[in-house]
Structures are given as structure tokens and as C-alpha cells.
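*Asks:* here is the input, now give the coordinates:
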Amino acid sequence: MRALLGVAILAVAGGGLLRADDPNPGRNRVATAENLPATWDVASGDGVLWSAELGTVTYGGPTIAGDLIVVGTNNERPRDPAVTGDRGVVMAFDRHSGGFRWQITHEKLESGEVNDWPLQGVCSTPSFDGERLYYVSNRGELVAADLDGVVDWSFDMVGEWGVYPKHMAASTPLVVSDLVFVSTSNGVTDDGRVPAPEAPSFAAFERATGRPVWRDGSPGAGLIDGQWGSPSHGRAGGRSQVVFPAGDGWLYAFEPGTGRALWRFNGNSALAADELEQVGSRHVFVATPVLLENTVYVAAGRDPEASLRAGVLWAVDAGGSGEVAANGARWRFEDPDFGRAIATVAVDGGIVYAADLNGFLFALDAESGEKLWVHDALAPFWSSPLVAGGKVYAADTEGDVTVLRAGRTLEILAENVMPRAVYTSPSTDGSVVYLATSETLYALVAWASGGGADA
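*Replies:* Numbering: from 1, shown residues only. Presented below is the predicted three-dimensional model:
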């Protein structure tokens, strides 16, 4: 089965909201929590509050929405016998019991695998604004649905704007005030051609109606890869801004209400001249940027099927204007072991936690970019790390979930083995960790014989 970029994103990867009552617009994957588990055993049920069956491939979520946990998956284990065949599915479960509540399904695009690869389901991690869920379907539609699973509105970015997703549409929508921001997933063909250079890459919609407010196609014909990343929002330089990661290797910042360009940054500015001439050497941004205290933290990446070249993690000053030069970045981190990444970083206590496709989890000083420690998971990270309750949760594609003590010294608390790969990013409501493997959603809690805060 082809490895595709649903997580993240993710990030992806994994940039969705951590909890329903926390807007977390900067996309920083840090949550306040107490007594979260360090260990569990899904075989015996120790530390497992409940589990629920999903499809066979799961990239979206888990997202906490009121009393629901919502995920994006496929239809290989149909919940409705009348709805069969390959479809994208968003499933909702009771947050307390794991009981199935409802699903929304989407037929595949007629263009087939070039835009909607078989069996990948809904790759977008839903976002929740306290009233509605927002996600991007496998058909490239931005969808708004209520907590009963009723679609309030949708906008077809493929049909209306001619967007051309590379294999899949995947972006976590961002809700700020009365607007919803989304990356459209416009991308390239397998041979690098840009079929829709005039199609928008970034867009803003009215939250209530789905009416487009503005759109921007800045990457244009310069696209290198697909665009599966997600935007973030915050204040820097005394102004509100929304920051988009792009498939041409640039970060773009806009004024939220108008779409007026504020600044942009070239993520390939550290490459040598001979590397810039090679498309395979150039990076794009797949991970969701984290905007925190005037700084954007984001690692460069690529489709995981691309070669696993050395990567770079940037800390970019978000208070500038126009084109921000490489020497205008606060710092950049490069290391022989640090590869391309699609996972979103987490920043807490002056430390940046970053996971890469080489299978390393790094801890860096947030002020200087100095390496504090590194953990080798021996398997790639698509899932973004979560920092909560003094712990760091890092799940890899072999299904191993390492729990480390947050801090400037490497301390592994536990290594938990899941029965299937993990592509989604864990979330928490403060007392439970929600984790989805490719086939099963788990609610994990501290248990009497181990796994608690001091484990």
C-alpha cells in the first residue's frame, strides 16, 4: 500500500486542536493535564478505558469535540451495511464510553488515484470550534458539520476552483473568529508537473456559511510537491496573522481578514547552489508551523516516499515584512541525524520537541536551537509529539509509543507497543490520552498498578 501524507499533519501530520475548549490557534501541541498514563497494555486491557474499531487506514484525528472523539478513516469495516465500497469516512464516538455515534461518508473522486488514492479514507484531522466540526474530505471539499453529524455546508475546492491534489487532499482547517482557513492541497503530478498553477493554495471562508472570503495562489507554478500542510494563527510584530506552509518550500503569512500578504520565508535558503538545482534536494513544508511568542517553529519535509535526505528545522521571526532572508531567522537546526519531517513540533518550557522521518525525536533549546538530547525510535515518525502533564508522547509507524519525561535531560519513562502502526497524533482532554492506530481508537488512562504521573 502506498504511503501517503494523511497525518499530519499533519501533522500532521497532526496540527488539529488538542481539546474542545482550547482554541490553540498557534497549533502548539501542549496541553495541561494531570496523572496521564506512562504505560498501558492493550492486550490485557491495563490502562485502556475503552477501544473502538475504525477502518483499516486512519490518518485523521483523534479530535475532541464536546462529548465526542472524531477521526478520519476509510470504509473497509462498514458501519452501515447500505454504505459499502471504498469511501472516505469521518466517524464520531462517545468520548466517555467509546460507543459509535455517527459517520459521514464521501465517495471517491472520479479521477481516481492521481487525486484520491484508494483506501486512504479522509486524511484531514477535523477541527472543532465549540459548535461545529470542520474537515477536508477526500474529494477536496471543506466540510462543516454539527455534533449530530449533519453537514451544515461544504465547499468543493476541486470542482469550483480546479484544485489538483497530489494523490490526496489533506489539511486541518483553522478556525479563528468568524473565519475558517485551509490549505487547498493543490499539488503536482508524479513527474513534477503543476496541472493547476492558477488554482489557489490558501483560502479563507466564512465560518457560518462557507462563503469564500479570499484566496491566494502564491506558490503557482513553483510547486515542488503536494500541499498537505495546515495553517496556524497568532500575533507577532503587533499584528494578527495566519501562516501557511507551502509545497514550494516557502512559508507565507497573511492578514487574516483580507488575505493581504505580510511576509514570506524561503525554507530552502540554507541549501547549497548545486542542491537548489536538484528538485529532489529541495524541501517543502508539510508540517504545521507553530507560532509562539513572535516565532514560527517548523521543520522542512517532503512526501515520505521521497528520499530521506537531511532536513532542517527553522525558528523564523514572524514580525517582519516582505521576504525574510535566511539570516533573518532566529536560528536553524541541522544535524547528521535530523532528516526531513512531516510532524508538527511541540514547544514547552523553553524546549522544542521535534520528530522526523528518520525516526529520531529531538529536544532543542527554544531560544538558541542547541541540541539537548535525541531519542532513536528506530522507525519513522508521522505522528506529531504531544506534551502533557510533564510527559512527551511520541508514536511511530511501527506502532511503538515512547513516553518520555519532559525536560532538558533524556529520560524514557516507558515504551508501549501497539498492535498496528500509528500515523495520527495523540490528543488529550486533560485526564485521558486518545490514540488511534491505523485500525483502532484507544482511550488510555493511568491505572492502579502503573502508568501514572510518577511512573
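
*Asks:* next up, the contacts around residue 432.
*Replies:* When contacts are counted by C-beta atoms under 8 Å, 6 or more residues apart in numbering, residue 432 touches 36, 49, 443-445. C-beta here means a position set from N, CA and C on the backbone, and glycine is covered the same way.

*Asks:* which of those are buried? Put it as a ChimeraX command.
*Replies:* Selection of buried members from those for ChimeraX, criterion 16 or more other C-beta atoms under 10 Å:
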select :36,49,443,444,445
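
*Asks:* tabulate the contacts of residue 432 in JSON lines, adding columns for pLDDT and distance to residue 358.
*Replies:* As requested, the contacts of residue 432 are arranged in JSON lines below (pLDDT from 0 to 100; distance: C-beta to C-beta, whole Å):
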{"residue": "36", "pLDDT": "97", "distance to residue 358": "27"}
{"residue": "49", "pLDDT": "98", "distance to residue 358": "33"}
{"residue": "443", "pLDDT": "98", "distance to residue 358": "30"}
{"residue": "444", "pLDDT": "98", "distance to residue 358": "27"}
{"residue": "445", "pLDDT": "97", "distance to residue 358": "32"}
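
*Asks:* show me which of the contacts of residue 432 is closest to residue 26.
*Replies:* Residue 26 lies nearest to residue 36 out of the contacts of residue 432, by C-beta to C-beta, at 21.8 Å.

*Asks:* what about residue 160, neighbour count?
*Replies:* By other C-beta atoms under 10 Å, 12 other residues sit near residue 160.

*Asks:* for the record, mean pLDDT for whichever strand or helix holds it?
*Replies:* Using DSSP states H and E, residue 160 falls within helix 157-161. Confidence over helix 157-161, taken as the mean pLDDT, stands at 98.

*Asks:* over to stretch 276-294?
*Replies:* In this model, stretch 276-294 has an average pLDDT of 87.

*Asks:* cool, stretch 90-105 as well?
*Replies:* The predicted model assigns stretch 90-105 a mean pLDDT of 98.

*Asks:* now that stretch: buried residues?
*Replies:* The neighbour-count check on stretch 90-105 (16+ other C-beta under 10 Å) flags 90-93, 95, 98, 101-105 as buried.

*Asks:* where does the protein dip in pLDDT?
*Replies:* Counting by pLDDT under 70, the chain has low-confidence residues at 1-25, 273, 307, 449-455.

*Asks:* could you pull out the helices for it?
*Replies:* Listed in chain order, the helices of the chain (DSSP state H) span residues 157-161, 273-276.

*Asks:* nearest to residue 82, of the ones you listed?
*Replies:* Between residue 82 and these, the shortest gap by C-beta to C-beta is with helix 157-161, which sits at 25.5 Å.

*Asks:* which residues touch the closest one?
*Replies:* Taking C-beta under 8 Å, 6+ apart as the criterion, the residues outside helix 157-161 that touch it are 109, 115, 136, 139-142, 163-165, 169, 184-185, 199-200, 203, 215.

*Asks:* looking at those, which are in strands?
*Replies:* Secondary-structure check on those using DSSP state E: residues within strands are 136, 141-142, 203, 215.

*Asks:* I'd like to know which of those residues is nearest to residue 156.
*Replies:* Sorting those by distance to residue 156 puts residue 141 at the head of the list, at 5.0 Å, by C-beta to C-beta.

*Asks:* re earlier: would you mind giving the contacts of residue 432 as a markdown table with distance to residue 325 added?
*Replies:* Putting those into a markdown table (distance: C-beta to C-beta, whole Å) gives the following:
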| residue | distance to residue 325 |
| --- | --- |
| 36 | 42 |
| 49 | 50 |
| 443 | 47 |
| 444 | 45 |
| 445 | 48 |
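
*Asks:* who are the neighbours in contact with residue 89?
*Replies:* Contacts of residue 89 (C-beta under 8 Å, 6+ apart): 55, 72-75, 79, 103-106, 121-122.

*Asks:* nearest to residue 391, of the residues you listed?
*Replies:* Scanning the contacts of residue 89 for proximity to residue 391, where the rule is C-beta to C-beta, the winner is residue 72, at 25.7 Å.

*Asks:* ok, the closest residue to the closest one other than its chain neighbours to residue 159 distance?
*Replies:* Take residue 72 and drop its neighbours on the chain: the residue closest to it by C-beta to C-beta, 6 or more residues apart in numbering is residue 60, 2.3 Å away. With distances taken as C-beta to C-beta, to the nearest Å, residue 60 is found 21 Å from residue 159.

*Asks:* and these two? which has more neighbours close in?
*Replies:* A direct count of neighbours by other C-beta under 10 Å for residue 60 and residue 159 places residue 60 higher, at 35 against 12.

*Asks:* any idea how far residue 135 is from that one?
*Replies:* 7 Å.

*Asks:* list residues touching both of the two?
*Replies:* 72, 90, 122, 124-126.

*Asks:* circling back to that earlier point, OK, contacts around the residue nearest to residue 72?
*Replies:* Counting by C-beta under 8 Å, 6+ apart, residue 60 touches 6, 71-73, 90, 121-126, 135, 170, 424.

*Asks:* could you redo the last one with a cut-off of 6 Å?
*Replies:* Contacts for residue 60 (C-beta atoms under 6 Å, 6 or more residues apart in numbering) come out as 71-72, 122-125.

*Asks:* next: residue 202.
*Replies:* So, once contact is read as C-beta under 6 Å, 6+ apart, residue 202 ends up touching 183, 216, 244.

*Asks:* go on, residue 153?
*Replies:* 144, 210.

*Asks:* try it again at 8 Å.
*Replies:* The contact partners of residue 153, by C-beta under 8 Å, 6+ apart, come to 143-144, 209-210.

*Asks:* so what's it bridging to?
*Replies:* residue 144 (DSSP bridges).

*Asks:* list only buried entries from the contacts of residue 89.
*Replies:* Buried members of the contacts of residue 89, counted by 16+ other C-beta under 10 Å: 55, 72-75, 103-106, 121-122.

*Asks:* between those, which is nearest residue 296?
*Replies:* residue 72 (26.1 Å).

*Asks:* distance check, that closest one against residue 404.
*Replies:* Distance, residue 72 to residue 404, using C-beta to C-beta: 27 Å.

*Asks:* residue 129 now?
*Replies:* Going from residue 129 to residue 404 by C-beta to C-beta gives 32 Å.
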